[in-house]
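[1] only the shape, not the letters, is given here:
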């Protein structure tokens, strides 16, 4: 959950120091104008120790290699992708609540990832893995069409200034790409507390022809027509926003079980030819 109130100013190109080195050998941490802000931060000694113990088994850098979730997790199970997992508040809680799901969290901020790694070790979670890098690369180059049971995007950076709207993650091309990567019956779950971005997300998401809005019960934390949980924890930033009267807007879209495959493929082909995510 990469929250704009918790980030430092970033270089205009969205690249962090050392980005070129991290692209060697197929890994591409920040290869484009991105939807996230670059942040630097050192790990504490306990975080580094946990990282050294856990990362080789549970973490990878984003690369061009296809994601083989069954091999990585050691089992075949529904795969859910969380984009912008931040310090892992939602990923850890939802992985613990859904042991039958293989959850892959995508994040760029290393200290935030380190907190997630510590949580995985502390809770003994075997169904949570981490990819470090650009989620657009993950969707485009690592995830196969029709392979995800769900995608979660909680509190993406709203980039409120008009000149920065091109950096927003949730635009038409992203919705089309997510729809293509969802399996029939899969869902996209989005939450934001930025009113203008909520209107943007709602309009663009509802316009995607291969997705259908699903009824979401905010009080019961359930959604009709899905077996995946939409019961996420409230983060500290969300709690502060609620205290000052800034509500959270939440949306769930589903990929219909039948009849959407050909339309989705045509939509992806058209939009990728326009190079929309770059």
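    Nice, thanks for sending it over. Treat the numbers as computed from the prediction; the structure is a model and nothing was measured.

[2] which parts of the stretch 51-200 of the chain are helices?
    Using DSSP state H, counting those that start in this stretch, the helices of the stretch 51-200 of the chain run over 69-73, 89-97, 110-123, 135-137, 172-181, 195-207.

[3] and residue 105, how far is that from residue 87?
    From residue 105 across to residue 87, the span is 10 Å (Cβ to Cβ, to the nearest Å). For glycine as for every other residue, the C-beta is placed from the backbone atoms N, C-alpha and C.

[4] between the two, which has more neighbouring residues?
    The residue with more neighbours, out of residue 105 and residue 87, is residue 105; 30 against 23, by other Cβ atoms under 10 Å.

[5] surely the more buried one meets residue 117?
    No - when contacts are counted by Cβ atoms under 8 Å, residue 105 is not listed as touching residue 117 (10.3 Å).

[6] quick revisit: can I get the helices of the stretch 51-200 of the chain in TSV with distance to residue 256?
    Shown next, in TSV, are the helices of the stretch 51-200 of the chain (distance: least, Cβ to Cβ, whole Å):
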stretch	distance to residue 256
helix 69-73	23
helix 89-97	24
helix 110-123	33
helix 135-137	24
helix 172-181	10
helix 195-207	14
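
[7] and of those helices, who's closest to residue 161?
    The closest of these to residue 161 is helix 195-207. By Cβ to Cβ, the value is 10.7 Å.

[8] so where's this protein uncertain?
    1-40, 259-278 (pLDDT under 70).

[9] can you rerun that using 50?
    Within the chain, the segments meeting pLDDT under 50 span 2-31, 33, 35-36, 260-276.

[10] for the stretch 101-250 of the chain, which segments count as strands?
    Remark: strands assigned in the stretch 101-250 of the chain by DSSP state E, counting those that start in this stretch are 102-107, 128-132, 148-154, 182-192, 212-213, 216-217, 222-223, 249-254.

[11] let me know which of those is the nearest to residue 237.
    So among those, strand 148-154 is nearest, using Cβ to Cβ, at 10.4 Å.

[12] summarise which helices and strands the closest one is packed against.
    Helices and strands touching strand 148-154, by 3 or more Cβ pairs under 8 Å, 6 or more residues apart in numbering; DSSP states H and E, are strand 79-83, helix 89-97, helix 172-181, strand 182-192.

[13] I'd like to know which elements the second one is packed against.
    Based on contacts counted as 3+ Cβ pairs under 8 Å, 6+ apart, the elements that helix 89-97 packs against are strand 79-83, strand 102-107, helix 110-123, strand 128-132, strand 148-154.

[14] done for today, thanks.
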